[in-house]
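> Coordinates only, no sequence provided:
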DNA sequence: ATTCATACTTGACAGTGTCTAGTACGAAAA
DNA sequence: TTTTCGTACTAGACACTGTCAAGTATGAAT
């Protein structure tokens, strides 16, 4: 929404926080340290975000916005492509992804603009599933298949990112190949391919 | 392993921590508060676990042990049943589950006994998938299908537990029915059903 | 009688998020 | 031109946290 309002400190805080989230996880983010690194007082970041949860909400908003872009840009192959795009987004934007999906860090319900972006991304998924199922699909069918497809992508993403899969499936030469294969397995559960 | 070594404080700390994790998430666990509630000094819990990560490792060990039991007890219907059992375990043991799967809280690699229990649970999954695929399955097939099935279960579990699915799919009358349907969709991606 | 491990207690330290109050400053209003 | 006022901070204090270090009580083993 806000069109390039400069606000350099706000941008710096966000970038540093996302980088820490990527490298060490969201819990490692200390706003006092961020402030120190940015050369400002320990209270300066709070001016822009209110409190800690506010920063996480801002990260989530940005993350969901980027996710929507990724889903739109990369979904060449319908269902399967969207699933792949989701997982790739998570791996490439780990800093954002880790925060977005933790509603103990930022309850989206309290941050309308973040919720708006989340809804936008969710609707892309919903539309894709609805289109794939065709006209004959019941509401239950759509919900079930949406939950299923999201689960596959989300599960693979979190397992690869933070879960034990990273270790357990070591020896897998090409992660991208695994993602593609899993996404196609998911697709094969849909009628009419 | 340790056969009922009494150690009541150890047990109390674990139980209280798991309860907090269930109700407010692992980050809400304050060991000083746990100690206060248990009526002991703030340092008493640390005697049993070393540090904060040690407590999380203990919770993870117990959680993976319980997960194995759940997978063994409940997998009536092969692949589909195991997937369902995984999700139900997560919902019923949210306190444990949230900790188990966060390796930023407890790096299993540093806690052999927790890692042992995690391996045990993982092997149950691997065996089930291998059996379902039959003799002709390649190693890649097994890995892909294992990652796929785990992803479905893990994704659905985390989305229902902490993710936005909880909200997005509101209106779903029966969560158990959703779990069952999603698990069966996953099964339909396997050859020979 | 002494040693020794277990199960704690007590005190201190650095670090954190947050509340409150104060300051510098550029733009709008009088 | 002076005053008002919102923005972007700074500064200090508070309660709280995990952790380090050192001390204490106690029961079993030597």
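It's in. This is a predicted model, so every value here is computed, not measured. Numbering: from 1, shown residues only, chains lettered A, B, ... in the order given.
> where does chain A dip in pLDDT?
Applying pLDDT under 70 to chain A flags residues A:1-6, A:75, A:164-173, A:193.
> rerun that using 80 as the cut-off
A:1-7, A:74-77, A:163-173, A:192-193 (pLDDT under 80).
> Around DNA strand C, which positions in it sit nearby?
Applying Cβ under 7 Å from any atom of the strand, one finds that chain A approaches DNA strand C through A:29, A:30, A:31, A:32, A:33, A:42, A:43, A:46, A:51, A:52, A:53. Backbone N, C-alpha and C define where each C-beta goes, glycine included.
> can you pick the most crowded of those residues?
Highest neighbour count within the residues of chain A next to DNA strand C, by other Cβ atoms under 10 Å in any protein chain shown: residue A:29, with 23 neighbours.
> neighbouring contacts of stretch A:124-143?
With contacts defined as Cβ atoms under 8 Å, 6 or more residues apart in numbering or on different chains, stretch A:124-143 is touched by A:68, A:71-72, A:75, A:78-79, A:82, A:145-146, A:149-150, A:190-192, B:169, B:172, B:178, B:181.
> go with 6 Å
With contacts defined as Cβ atoms under 6 Å, 6 or more residues apart in numbering or on different chains, stretch A:124-143 is touched by A:71, A:78, A:79, A:82, A:145, A:146, A:190.
> can you tell me which of the residues of chain A next to DNA strand C are in strands?
The strands, defined by DSSP state E, take in nothing from these.
> hmm, back to that, quick check on the contacts of stretch A:124-143: which are buried?
Neighbour counting with 16 or more other Cβ atoms under 10 Å in any protein chain shown marks A:71, A:79, A:82, A:145, A:146, A:190 as buried within those.
> State the number of residues packed around the closest residue to the fourth one other than its chain neighbours.
In this structure, residue A:145 finds its nearest non-sequential neighbour in residue A:129, 5.1 Å apart by Cβ to Cβ, 6 or more residues apart in numbering or on different chains. For residue A:129, the number of neighbouring residues by other Cβ under 10 Å comes to 24.
> Likewise for residue A:47?
For residue A:47, the neighbour count with other Cβ under 10 Å is 12.
> cool, residue A:93 as well?
Residue crowding around residue A:93 was assessed by other Cβ under 10 Å; the count is 19.
> what's the nearest residue to it if we skip its chain neighbours?
residue A:66 (6.0 Å).
> and if you look at residue A:35?
According to Cβ to Cβ, 6+ apart, the nearest residue to residue A:35 is residue A:42 (4.8 Å).
> Angles on the backbone of that neighbour, please.
Backbone torsions for residue A:42, taken as degrees, to the nearest 10, come to phi -70, psi -10.
> Distance of it relative to residue A:14?
17 Å (Cβ to Cβ, to the nearest Å).
> For the closest residue to DNA strand D within chain A, grab phi and psi.
Residue of chain A nearest DNA strand D, by Cβ to the nearest atom of the strand: residue A:41 (2.8 Å). Main-chain dihedrals, residue A:41, degrees, to the nearest 10: phi -70, psi 160.
> Number of residues surrounding the residue nearest to residue A:184 when sequence neighbours are not counted?
Nearest residue to residue A:184 in three dimensions, chain neighbours excluded: residue A:80, at 5.4 Å (Cβ to Cβ, 6+ apart). Residue A:80 is flanked by 22 other residues according to other Cβ under 10 Å.
> now swap in residue A:27 and tell me
16.
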